[in-house]
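> give me a model of this one.
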Amino acid sequence: YYGSHAMLPFQPPRSVVRTRLDMNTTKKVGRPRSIDNTDARPPEEVILESARRLFAEQGYTATTTRQIADAVGVRQPALFHYFGKKIDIFLRIIEASIAPELRFIEAESARNLRPDARLYRYARFVVFNLSTNKNVLGSPYGRSELMGEEFRAFWKSLDKVTTTAKEHIQAGVSAGIFMD
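Numbers count the residues shown, from 1 in each chain. You can find the predicted model right below:
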């Protein structure tokens, strides 16, 4: 083997001769991205972030999987490797938006606090979560596109969140701490 074919008396086909440059290149495994992405985060996270932005800007119905794939820099089949359908992406995003509140409600339920302290802690957490949780889509609640059967678990979780707030307020009113 010669590093260069210049020493050979004939010109062999390119497929036979391998230069040092050819030998040093490594083949990437997996489906190639349409855009070179140097993002070190897991692909699912990148997909969710791009989809979240598009859903917030355009709504669920107007956002296509092609737009999500283009925003991520992958082809549609690669997108479907991680998420079976567009609805799966959207459900992951809205579930992640409400999960911190559900965990907070669960943790706080064991605490023995006055209604005003309980409501204050809850309101403070909700405001903090809304301002810092990157999964919050803005105000998707009440959109007709979220009324399908596939959103039942989300609405049940949201109902738990709003019921908890109402219970804190009612407990404060009943204790004479809040005025109705």
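> now the residue positioned nearest the centre of the chain: how far from Tyr120?
When Cα atoms, centre = their mean is applied to the chain, the residue found nearest the centroid is Leu48 (3.1 Å). Applying Cβ to Cβ, to the nearest Å, the value for Leu48 to Tyr120 is 32 Å. Placement of C-beta: from N, CA and C, glycine included.
> can you give me the end-to-end span of stretch 67-81?
One end of stretch 67-81 sits 16 Å from the other (Cα to Cα, to the nearest Å).
> tell me how far it is from the chain's mean position?
The chain centre lies 14 Å from the centre of stretch 67-81; the measure is Cα atoms, centre = their mean, to the nearest Å.
> identify each buried residue in that stretch, please.
For stretch 67-81, burial by neighbour count (16 or more other Cβ atoms under 10 Å) applies to Ile68, Ala69, Asp70, Ala71, Val72, Val74, Arg75, Ala78, Leu79.
> same question for that stretch, mean pLDDT?
Stretch 67-81 comes out with an average pLDDT of 93.
> going forward, begin numbering at 112 instead of 1
Got it, first residue is 112 now, which makes that one stretch 178-192.
> could you give me the buried positions within the helix or strand encompassing Asp227?
Asp227 is part of helix 226-243, with elements assigned from DSSP states H and E. Buried residues in helix 226-243, counted by 16+ other Cβ under 10 Å: Pro226, Arg229, Leu230, Tyr233, Phe236, Val237, Asn240.
> contact partners of it?
With Cβ atoms under 8 Å, 6 or more residues apart in numbering as the test, helix 226-243 has contacts from 211-212, 215-216, 219, 222, 224, 247, 275-276, 279-280, 282-283, 285-286, 288-289.
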